[in-house]
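> just the structure for this:
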Amino acid sequence: MKYKVLKPVTYKGKVVNEGIIELDKNEVRDTLVKRGVLEEIKKNENSDENKLTVEQLEENTVPELKEIAEKKKVELKAKDTKEEIIKKISEVI
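Numbers count the residues shown, from 1 in each chain. Predicted coordinates for the structure are as follows:
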């Protein structure tokens with residue numbers, strides 16, 4: 001999960017004063033959030049960066065489309081063509 005740094009914190013052996021860091025779930029991270037050192041960045045499902053148009057999908061290669069489909073939890077068949085993959089993804093978004 002991604003967190004915004006609110007106060008200086010040691011991350012991977014370096015002091016981070018500001019910015020965004022990515023941490024796995026653990027007790028230390030929870031403590032830092034409670035103390036106001038880190039703030040969880042929540043994903044907004046309706047944000048512009050999560051919206052894709054068919055035109056944007058067409059610009060991607062098949063492996064990239066398969067990765068997008070996996071993130072969107074779209075089931076694909078091994079023999080799906082680029083057009084079929086785009087159609088399935090566009091039905092979900």
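> list the buried ones in the one helix or strand residue 20 maps to?
Using DSSP states H and E, residue 20 maps to strand 19-22. By neighbour count on 16 or more other CB atoms under 10 Å, the buried set for strand 19-22 is empty. For glycine as for every other residue, the C-beta is placed from the backbone atoms N, C-alpha and C.
> contacts for it, please.
Residues outside strand 19-22 that contact it (CB atoms under 8 Å, 6 or more residues apart in numbering) are 1-5, 9, 11, 38, 41.
> that one: how far from the chain's middle?
13 Å (CA atoms, centre = their mean, to the nearest Å).
> now the element after that strand, going C-ward?
That would be, after strand 19-22 and using DSSP H and E, helix 27-34.
> so which elements touch whichever helix or strand comes after that next one?
Per DSSP H and E, the first helix or strand lying C-terminal to helix 27-34 is strand 38-40. For strand 38-40, the packing partners by 3 or more CB pairs under 8 Å, 6 or more residues apart in numbering; DSSP states H and E come out as strand 2-5, helix 27-34.
> enumerate the positions of the shortest one that are buried.
Neighbour-count burial for strand 2-5, with 16+ other CB under 10 Å as criterion, is recorded at 3, 5.
> name the SS class of the residue with the largest distance to the centre of the chain, please.
Each residue of the chain has a distance to the centre, and by CA atoms, centre = their mean the biggest one is for residue 79: 26.9 Å. Under DSSP: H, G, I helix; E, B strand; the rest coil, residue 79 falls in the coil class.
> for it, give me the backbone phi and psi.
When quoted as degrees, to the nearest 10, the phi and psi of residue 79 stand at phi -100, psi 10.
> next one: it from residue 9, what distance?
49 Å (CB to CB, to the nearest Å).
> same check on residue 86?
42 Å.
> okay, the two: which has more neighbours?
residue 86 (21 against 16; other CB atoms under 10 Å).
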